[in-house]
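> no sequence for this one, just the structure:
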C-alpha cells in the first residue's frame, strides 16, 4: 500500500462519498475508486460499505480497524516529517505548478536569493496532489497551486486572483474587444489553467471539443500563439510577458472568464516559520501589498 492510497481512504472517510473525496483531491472519481480498490486488494478485505440506496459511505469492521491504524500511521509520519522541518531555517524548498514557476515566481526567487544568499533554495515543479504529499512528508516547505487544498495538515493561503485576457497572433482577425462568437475555435491554443477553468471551457465550448493544440509546457506559448490566426486565453500576469514578443498582441474578451485563483500551500505546523516568513515578505515586495491577498496571515 502507498501513502497516496491511504490519503485517498482518509478523504473518502472525511466526505463519506467518492464524489466529494475526488473533488477534494482534484482527481477523477474513477482514479479515486482505483486507489481504493488497490488498497482493499492489498489488505484482502473491503473497507467501505457502498450499499444501494445509501447516501453516505460507511466503514466495515475491517475499515474501522484500518482507520484507527491509519491515524497512528499519520501521527508517526508527522513526527518523522518534523525531523526535516526542525532544520528548516537552514533551507527553503518551494514547489509551483508550471505556469507559476515560469512566469510569476522568477522575480521573487531572484530577489530572495539576492537578499538571503545564506539560505539554500530548491525550486520544484509539482501539481497540487504531489505537492501536498511532499509537504506532509517534510520534503517541501511551501507550494503554489490553483487548487485550494485544505485539510488537517495543509493550510491554503490566498495568493493572487489573476483575471484572464486574450492573446493572438498579430495577423489574427480580432479587434481590441473580442466577442465569443467571433473566435475561430479551430485556431485555439488551449492551456488547462485550473480545474475551474477547464469546467468553464467545457461549459462554453462543449465537453467533446478536442483542441488541435493543448499545452502543458508554458514555455511553448509564444511558439504556437505566434502562428498565423492562433489565439489563447491566458492570465493577465502571463500575457504581459508573452506580448513582449512582437508577433503576439493582446485583446480584451467581451465575455466573462472566471479569474484564476492561486494559493500558497503550507504545513499547518510550519506555516509561520522564519524562512517562510522571509519568502512571504519577498513576495509582498515584488508584487506589492495591494496586489496580493492576505499573504501575511
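Perfect, I can see it now. Since this is a predicted model, take the numbers as computed values, not measurements.
> max-length helix in this structure?
helix 61-85 (DSSP state H).
> Off-centre distance for that helix?
25 Å (C-alpha atoms, centre = their mean, to the nearest Å).
> Remind me what that helix packs against, helices and strands.
Judged by 3 or more C-beta pairs under 8 Å, 6 or more residues apart in numbering; DSSP states H and E, the packing partners of helix 61-85 are helix 3-15, helix 128-136. In short, each C-beta sits where N, CA and C put it, glycine included.
> Parallel or antiparallel, which strands does the next helix-or-strand element following it pair with?
For helix 61-85, the succeeding helix or strand toward the C-terminus, using DSSP states H and E, is strand 92-96. Sheet pairing for strand 92-96, assigned by DSSP bridges, gives strand 121-125 (parallel), strand 142-145 (parallel).
> beta partners for the spatially most central residue of the chain?
Centroid-nearest residue in the chain, with C-alpha atoms, centre = their mean: residue 145, separated by 3.1 Å. Residue 145 forms beta bridges with residue 263, as assigned by DSSP bridges.
> Verify the contact between it and residue 94 for me.
No: contact criterion C-beta atoms under 8 Å: residue 145 and residue 94 do not qualify, at 11.7 Å.
> ok, how many other residues are close to residue 80?
Using other C-beta atoms under 10 Å, residue 80 has 11 other residues around it.
> Quick check: it touching residue 138?
Yes: contact status for residue 80 versus residue 138: in contact at 7.4 Å, counting by C-beta under 8 Å.
> got a list of contacts for the longest helix of the chain?
Contacting residues not belonging to helix 61-85 are listed as 3, 6, 9-10, 13, 43, 45-49, 59, 136-139, 141, 153, 267, 269-270, 273 [C-beta atoms under 8 Å, 6 or more residues apart in numbering].
> angle of it against strand 92-96?
Interaxial angle, helix 61-85 versus strand 92-96 (axes from the mean of the first three to the mean of the last three C-alpha atoms, to 10 degrees): 130 degrees.
> Report how many residues lie close to residue 105.
Applying other C-beta under 10 Å, we find 18 residues neighbouring residue 105.
> distance of the residue nearest to it when sequence neighbours are not counted from residue 276?
Nearest residue to residue 105, sequence neighbours excluded (C-beta to C-beta, 6 or more residues apart in numbering): residue 96, at 5.6 Å. Distance of residue 96 to residue 276, computed by C-beta to C-beta, to the nearest Å: 14 Å.
> So those two - more neighbours on which side?
Neighbour totals were compared for residue 96 and residue 276, and residue 96 leads with 24 against 19 (other C-beta under 10 Å).
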